[in-house]
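A.B. asks: here is a sequence with its predicted model. Questions after.
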Amino acid sequence: MLHRPWRDRRGHLVPIKALALALLTIPAFLLALDAAQGALGPRPWNQAIHVTGLWAERLILVTLALTPLRVVLDWPRLVFIRRISGIGALAYVALHLVLYIIDLKFNWAQILWETFTRLYLIIGVLAALGLLALGISSTDSMTQRLGLHWKRLHRLSYPIAVLTGVHYLLQTKANIGGPALAFGVLFWLLLWHLLTEKHARHALALLALGACAALFVAAAEAAWYGLATGLNWRRVLAANLDQFEYIRPSGEGFLIALAVVALALLRRYGPAALNRVPWRLSSRPWRVLSR
């Protein structure tokens, strides 16, 4: 029988899987809508390539973040959408490559020349091949065949995420805010895996990780502008300390970390707080109203 990804092995609907699949189609639908309306600017193919690559990068980070979120939020069912999210990232990478080939009008000589002579394209192809390997090995049958080798193979997900971030950074012309934020999220994820099981859910530890990730992004952004463009790195670093007029990538990363801490606290203390509300109705409110 044809496997439907929104159902489990017994054929029952899994709402969180269905919701994840629906959310994954939204960026592609909006991109198609913009293309139909001519809203992709003077270089529509190039803009579509950029959008699909950006969403592939985001979904790779989301896939990696599902394990920490499952632990921090004590939400085991998030494991059901990790494979879907990873396959979604691979789908956007494939669309990214197809649009690139179409933009070059199927000129295979030029495609091969650029692929093997431009550093950011070489890195992008390596990342795409790594994602393809992870996608092929993510089926149930391949998982059983590989056994312990499956875990070793999927440890490459973090190096692949680094490669996609470098690819994103090298092809960015001026503003590196997007790649800087992506590296900040990746840095937070790597730090989280270094925590012990006791501190993996602790709010103060998560807040400290957010602060460390924000400092990393600020330092990396200042170093990049100083070394790659010759700009005054001190001014860039000072701008990261002043987040009131314009939120820098370091500030955005810290806000994401704060959101994780807030969700963790809400998950931990929210139900208990609701149980103490004196005017809270019983689980069957019609019984209360009928008295």
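C.D. replies: On my side now, so go ahead. Numbering: from 1, shown residues only.
A.B. asks: spatially, and excluding backbone neighbours, which residue is closest to Ile87.
C.D. replies: Residue nearest to Ile87 in three dimensions, not counting chain neighbours: Gly135, with 5.9 Å by Cβ to Cβ, 6 or more residues apart in numbering. Using the backbone N, CA and C atoms, a C-beta is placed for each residue, glycine as well.
A.B. asks: where's that neighbour, which helix or strand?
C.D. replies: helix 119-136 (DSSP states H and E).
A.B. asks: in that helix, what's buried?
C.D. replies: Neighbour-count burial for helix 119-136 flags 121-124, 126-128, 130-131, 134-135 (criterion: 16 or more other Cβ atoms under 10 Å).
A.B. asks: over to stretch 239-255?
C.D. replies: By 16+ other Cβ under 10 Å, the buried positions in stretch 239-255 come out as 239-240, 248-254.
A.B. asks: ends of it, how far apart?
C.D. replies: Counting by Cα to Cα, to the nearest Å, you get 17 Å between the two ends of stretch 239-255.
A.B. asks: coming back round to it: now the buried residues of helix 119-136 in CSV, with pLDDT?
C.D. replies: Shown next, in CSV, are the buried residues of helix 119-136 (pLDDT from 0 to 100):
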residue, pLDDT
Leu121, 93
Ile122, 94
Ile123, 95
Gly124, 93
Leu126, 94
Ala127, 94
Ala128, 94
Gly130, 92
Leu131, 92
Leu134, 89
Gly135, 87
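A.B. asks: how close does the residue nearest in space to the middle of the chain get to Ala219?
C.D. replies: Centroid-nearest residue in the chain: Leu61, 2.5 Å away (criterion: Cα atoms, centre = their mean). In this view, Leu61 and Ala219 are 20 Å apart by Cβ to Cβ, to the nearest Å.
A.B. asks: and if you look at Gly165?
C.D. replies: Taking Cβ to Cβ, one finds Gly165 at 16 Å from Ala219.
A.B. asks: of these two, who's got more company?
C.D. replies: With neighbours defined as other Cβ atoms under 10 Å, Gly165 and Ala219 compare such that Gly165 has more, 23 against 15.
A.B. asks: contacts only, for the more buried one.
C.D. replies: Applying Cβ atoms under 8 Å, 6 or more residues apart in numbering, we find Gly165 in contact with 57, 179, 182-183, 186.
A.B. asks: repeat that for 10 Å
C.D. replies: Applying Cβ atoms under 10 Å, 6 or more residues apart in numbering to Gly165 gives the contacts 57, 60-61, 123, 127, 178-183, 185-186.
A.B. asks: again, but for Asp103
C.D. replies: 43-46, 48-49, 111.
A.B. asks: quick one: which of the residues you listed is most hemmed in?
C.D. replies: Of the contacts of Asp103, with other Cβ under 10 Å as the count, Ala48 tops at 23 neighbours.
A.B. asks: count of neighbours near the closest residue to that residue other than its chain neighbours?
C.D. replies: Closest residue in space to Ala48, ignoring its immediate chain neighbours: Leu99 at 5.1 Å, by Cβ to Cβ, 6+ apart. Under the neighbour criterion other Cβ under 10 Å, Leu99 is assigned a count of 21.
A.B. asks: when you give positions from now on, start the count at 623
C.D. replies: Yep, numbering from 623; the last one is Leu721 now.
A.B. asks: which element, helix or strand, includes Leu721?
C.D. replies: Per DSSP H and E: helix 704-725 holds Leu721.
A.B. asks: and that helix, what's buried?
C.D. replies: Per 16+ other Cβ under 10 Å, helix 704-725 contains these buried residues: 704-719, 721-722, 725.
A.B. asks: what angle do that helix and helix 741-758 make?
C.D. replies: Between the axes of helix 704-725 and helix 741-758, defined by axes from the mean of the first three to the mean of the last three Cα atoms, to 10 degrees, the angle is 140 degrees.
A.B. asks: how far is helix 704-725 from where the chain is centred?
C.D. replies: Relative to its chain's centre, helix 704-725 lies at 14 Å (Cα atoms, centre = their mean, to the nearest Å).
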